[in-house]
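Enquirer: Give me the fold of what follows.
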Amino acid sequence: MMQSQTSMTAPIGDFFTIQDDFPVNLVPLDNADQLPNDDEFEAQIPELFLIASSMAESDTHKIQAIKVEQPAGSALVDFLEQQHKRLNILLGYMLRNEDDAAHRFSGKEYGGGGIRVVSDAQLEVGQIFQAKLFFKQEALAIYCYTRLESSEPLDNSDQFLCTLCFERIREEDQELLIRASLHAQSRQLKERSKQRREQKSNAEEKADDSSNS
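Expert: Next comes the predicted model:
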C-alpha cells in the first residue's frame, strides 16, 4: 500500500493518516445487524459529543474572523481566546467521564477514512465497533462506528496494529477529524524544525569550544 508523503503512514481509504497518540474506546457489536442506519446513528450520539463538535466547528472560525477585523494584540481577541481555552478545559474535563478504561485502546494514527490502534489481542477482521475518539489538544471527541479492516502483528511485540475504517460518522465530524490531523501535522513539523535548530546550535557550540581549546 502506498504511504502518505506527509506522515509516512499508509492511508485509510482515500484519506491520508497522521501519527499521533490518542485514547480510543471500542465496544464490539454482537453482530453486523446491530449497526444503526444513518437516522438511528444521529439520534444516539451523546449530547456531549455534539457539543464538542459544535464548539470545535464554530468557535475557532468566529475567533479567526474577529482576528481579521481587529488590530494585532486586540484586547477583545485576547479575551475571546482565553474564554475559548477555559471552555475547552471544562469540556475536556467533562469528556473524561466518557472515556471508559474497560474499552480503551491506544490510538496511533487517524485520518478522514479511519483510525489505527494497538491491541493486545488479534481482533477479528470485519468486526464492527461502536467507537469514541478523544483528541485532547483539539478539545474534540467523536462518536462513530468502525469496521476492522486488518489486524497485523507488530514487529518484536505481542501486540497487533489494527486498522479500522469508518462505517458511521457525521460528515461534519469527519471534516473536523481531517482538520485535527492537519493541526497535528503542523505541530509535528514545528517540533521537528525546533529540534533541527537546537541540534544545529549545539553543533556550532561544540565547534566553537573545540576551536577555542
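Enquirer: contacts, neighbours, all on C-alpha from now
Expert: Noted.
Enquirer: what residue is smack in the middle of the protein?
Expert: What sits nearest the mean C-alpha location of the chain, by C-alpha atoms, centre = their mean, is F135, with 4.9 Å.
Enquirer: gap between that one and E124?
Expert: As defined by C-alpha to C-alpha, to the nearest Å, F135 lies at a distance of 26 Å from E124.
Enquirer: and what of A32?
Expert: Plainly put, A32 is 13 Å away from E124 if you go by C-alpha to C-alpha.
Enquirer: Check K132 too.
Expert: From K132 over to E124 (counting by C-alpha to C-alpha), the distance is 19 Å.
Enquirer: okay, those two: which has more neighbours?
Expert: Each of K132 and E124 had its neighbours counted (other C-alpha atoms under 10 Å), and the higher figure belongs to K132 (22 against 13).
Enquirer: So the more buried one belongs to a strand, correct?
Expert: Yes. Assigned with DSSP: H, G, I helix; E, B strand; the rest coil, K132 falls within a strand.
Enquirer: In its sheet, which strands sit next to the longest strand anywhere in the chain, and in what direction?
Expert: With DSSP state E applied, the strand covering the greatest number of residues in the chain is identified as strand 140-153. Strands flanking strand 140-153 in the sheet, each with its direction: strand 128-135 (antiparallel), strand 160-168 (antiparallel) (DSSP bridges).
Enquirer: roughly how far out does it sit from the chain middle?
Expert: Using C-alpha atoms, centre = their mean, to the nearest Å, we find the averaged C-alpha position of strand 140-153 to lie 12 Å away from the chain's own average C-alpha position.
Enquirer: what's the spacing between the biggest helix by length in the chain and its chain's center?
Expert: Here the longest helix in the chain is taken by residue count, with DSSP state H as the criterion, and it is helix 171-212. Relative to the chain's own centre, helix 171-212 is displaced by 19 Å; criterion: C-alpha atoms, centre = their mean.
Enquirer: elements contacting that helix?
Expert: With contacts taken as 3 or more C-alpha pairs under 8 Å, 6 or more residues apart in numbering; DSSP states H and E, helix 171-212 sits against strand 17-28, helix 47-69, strand 104-111.
Enquirer: try 10 Å this time
Expert: Identification of packing neighbours for helix 171-212 by 3 or more C-alpha pairs under 10 Å, 6 or more residues apart in numbering; DSSP states H and E yields strand 17-28, helix 47-69, strand 104-111, strand 128-135, strand 140-153.
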